[in-house]
Every structure is written in structure tokens, then in C-alpha cells.
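S.K.: predicted model and sequence below, questions to follow.
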Amino acid sequence: MTKDTDANKTLFAQAEDILKTNSRHNSYTVPSDRLYPYQWNWDSGFIALGLSTIDLERAVLEVETLLEGQWKNGMVPHIVFHEYEEDYAPGPLDWQVPEELTHKSICTSGITQPPIIGSVLYRLYQRSDKSDAYELRFKALYRQIKDYHDWFMAKRTKAPDHDLVKSLHPWESGMDNSPSWDSLIKTVPAENLAQFRRKDLKGDNDEERPHDTDYTAYMSLVYHYKRIGYDAPDLLPQAHFRVFDLVLNSALLRSARDMAVLAANLGLDHGTYWQGQIDTLSAGIAKLWSAEDGAFLHMNARTGELLAPVTNASFLPLYAGAATQAQAGSLAQTYKEWREICPYGVPTTDPRADVFEMKRYWRGPIWINTNWMIAEGFAAYGYEDIAAEIKADSLALIAKHGFYEYFTPDGAKGLGAPRFSWSAALALYWLNDA
């Protein structure tokens, strides 16, 4: 699909305008004016992909600005608070990350997010002119992202033996209120949240956002980790939420594959380092396959229990290159069964499951960013028809409703924040035949 038709030219222009409007200081992009006034980790990765089709310099700057918030230990936080905004919570005063953890006097959150930024950097490098100036910048960014991988393997696995990376918060998966977390959310001890007030509920959107019970758990985890110490040696064993998360691990594995190629292109002899991570993570993700469901599932890292139901995260090992061809065939069949129920794909949760909710955040609606990852995965396994259908569905929803944060799978409504940056950015990427 290209931007040659009048309709696509209109979409392209609208998407470009959204990214310009949501840009701050011409160096980073907020997800939306309405609800998210800071810089988010994986948002900026998807945004940089879209920007790279129209302004590579601005795309590289997006990544550089995100990594200004990187901690001294290598962790890249899920939010970088470049400026203070009263209308968002939890903000820097809720997180209270000690300054000794950060490289600069920039406030951040205390957890991370799916690490797609390595894969994004590789794609930006492919678009660059390979000039000496860009080569130096890409080498510097490469080292920062390698430090990020080092942090994951040291802090979120049983180093030095290694296993899959553990997510310690639903926000780290990016899929905040996924029904996969329901059994775990119920076990999170409640903290005193008297000082915290939700600010994500705007007008009549209650049915689109996570429940108060979810937010009680989210903030209880934040306060618990703040009390232990975000970088404390005993944080991992004391964490109330520990999950082998398909999103984090798939993104990390795909990043390792792409960073290995980038390292070779940059003349860096790190092949053995990256192959070790690729082998470790591939073997770990293989353990998340449920033969009964014919799909990958998240796993409770405390008990080893696979976490139902099948969700759109179940398709992400395709994006990571961690599935067998037979597993890809089973996932393709699952996708087709969902598509027979839903006029548009890919819903967040199996539409046949009792916990499916058409409008509520990560419990049913379609998200453009995960659609992009799933389409990439199916294409890599030879299912070009499914990849093309997912792309067409995504652009059709945007054309019908606008660049919303997420959409109902029946195609009836755009949900969440309007003029959403990653929806605009990935539309640009697709419309450029990237």
C-alpha cells in the first residue's frame, strides 16, 4: 500500500500533522495532547519509525532524547518526565526516583517498558546515509541500548544462569489491564493510596479505561518498589508481580537479533554476545507454548503456571522469530478464527473468551502498535496475506474514525485519546511501503 491515492495522501498529511503537533521542543513526541504529556519508552520507538519516513534526523533525535533518561545501570524507564504537568498521575512526585540512579537531573518513572528501541535503531540505520557523523551517533546509541540489554539480563533474570526476563509491573508489559494479569492483580497487597488520585478518567470514558481495582494494584506495586528501592538487589525476589511476559521477552529477542546485525554493520565484534542472548531467549520463549491452546501464553514466574486466555501477545513470538513453522501455522489458524468473529483484527483478547470486553483498554480493543508487530511476525513466517489484511484493517479503522489510541474490533468506534502519535507514526510507516 502506498500514499498514491487521494485518500492515502489525506491520511498521510493528517498523520504528519499529528506528529508535528505532538512534538515538544523538536526533540521528543508526547503520545497525545489530551492524556499523555510526557515521553514514553515504546511509544517513542514506534514514533521514531514513522518519523524516519519523513525526517530521519528528527527520528534519531527522538531516540537520543529518550535515552537522556537512561539510568546509570542501563535501564531505560517507561516514562521520561522532561517537564512537569499537573494533569497526569502518577507523575515524578509519585515515583520519586533518586537522582543518583539517573545520568542527568531528569525525572523518570521507576520501571521499564517493552524494549523495541534496539530494533528501531537498526531500521533508522538502514535509512541513514552512513555518513561519518551518523556513524558516530549510531555507535553511541548502540552502546546505550547494549547497556539496556545488559541491565535486563543482569537485573531481571537469574544471572549468571539466565532465563526469561521477568516483568515486575503490568505497565512494563505495555498491556496494562490484560485479562492475563487478573489472577495476579488480586494477590497484590494494597498500599495506603490516600495521596493518589487518578487523572486518566476524562468525561465519559470510564468504560474504556482500567477499573479502580486495577489502579489500586498498579500504584501499590509502585509504592512497594519505591520502598524497597528500584535498583535494590532484593527487588526481584520481593516483587509482588513477577511474570515471564511475552511482550517484553519477544521485543528483547527481536532487539537482540537486530542489534547483532547493526553491530556487524558498525564494525563491532559483538556477535558472540548477541548470539548468547538470542539462544537464551529463544529457548525460554519456547517454554511458553501451550499445546492445549495452540498458542503462546504469559507465565507466572512465581509458580510456573501459564496464564490464560490467549491474547494478541500470543502472536508476538512470530515478531521475535521464536516460533516454529508449525506453531506459526497454529497461530495463523487462531487469527483466522478470531477474524471470522471480528470484522477487524487483531483484538487484544480472544473474542470467544468470557473476559473479552469490546471497549476496555487491553481487554478487547485493537491497538495499532501491536497490529504492526503481529503483521511483521506473520510476514516473516510467510503469511503475507494475513500481514496485508492486518495492515489494511488498521488503515481502514484510522480512515474511518481518525488516529485514535485504540479501536473496537467491530469497527464501530475509535477509543481513548484522539490524534494519537503511534497510530499516526505507524500509518506513515505503512503508507510509505516500509
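M.R.: Right, received. Where do you want to start?

S.K.: tell me how far Glu135 lies from Leu268.
M.R.: Counting by Cβ to Cβ, to the nearest Å, the gap from Glu135 to Leu268 is 11 Å. For the C-beta atoms, the positions are set from N, CA and C on the backbone; glycine is no exception.

S.K.: sorry, that was for Lys226
M.R.: Counting by Cβ to Cβ - Lys226 and Leu268 are separated by 37 Å.

S.K.: got it, and Gly345?
M.R.: The gap separating Gly345 from Leu268 is 39 Å, by Cβ to Cβ.

S.K.: same check, this time on Asp206
M.R.: Distance of Asp206 to Leu268, given as Cβ to Cβ: 50 Å.

S.K.: in contact with the spatially closest residue to Trp362 that is not a sequence neighbour, which residues are there?
M.R.: In this structure, Trp362 finds its nearest non-sequential neighbour in Met175, 4.3 Å apart by Cβ to Cβ, 6 or more residues apart in numbering. Each residue near Met175 by Cβ atoms under 8 Å, 6 or more residues apart in numbering is listed here: 247, 311, 313, 348, 362.

S.K.: same question for Ala59.
M.R.: Ala59 touches 48-49, 51-52, 124, counting by Cβ under 8 Å, 6+ apart.

S.K.: 6 Å - rerun?
M.R.: Taking Cβ atoms under 6 Å, 6 or more residues apart in numbering, we find Ala59 in contact with 48, 51-52, 124.

S.K.: hang on, the earlier thing: Gly345 and Leu268: which has the busier surroundings?
M.R.: Legend: neighbour count by other Cβ atoms under 10 Å for Gly345 and Leu268, higher for Gly345 (23 against 16).

S.K.: hang on, that one in a strand?
M.R.: No: Gly345 sits outside any strand when classified using DSSP: H, G, I helix; E, B strand; the rest coil, being coil.

S.K.: which residue packs closest to it, ignoring adjacent ones?
M.R.: Closest residue to Gly345 apart from its sequence neighbours, by Cβ to Cβ, 6+ apart: Arg339 at 5.0 Å.

S.K.: in what helix or strand does that neighbour lie?
M.R.: Element membership of Arg339, judged by DSSP states H and E, is helix 325-341.

S.K.: ok, Ala159 next?
M.R.: In the assignment (DSSP H and E), Ala159 maps to no helix and no strand.

S.K.: that one - how many residues pack around it?
M.R.: Neighbours around Ala159, by other Cβ under 10 Å: 12.

S.K.: can you tell me the closest non-neighbouring residue to it?
M.R.: Once flanking residues are discounted, Ala159 sits nearest to Met153: 6.1 Å by Cβ to Cβ, 6+ apart.

S.K.: run a quick neighbour tally on the residue lying closest to Arg156 once chain neighbours are set aside.
M.R.: Among residues not flanking Arg156 along the chain, Val165 sits closest, at 4.5 Å (Cβ to Cβ, 6+ apart). Val165: 26 surrounding residues under other Cβ under 10 Å.
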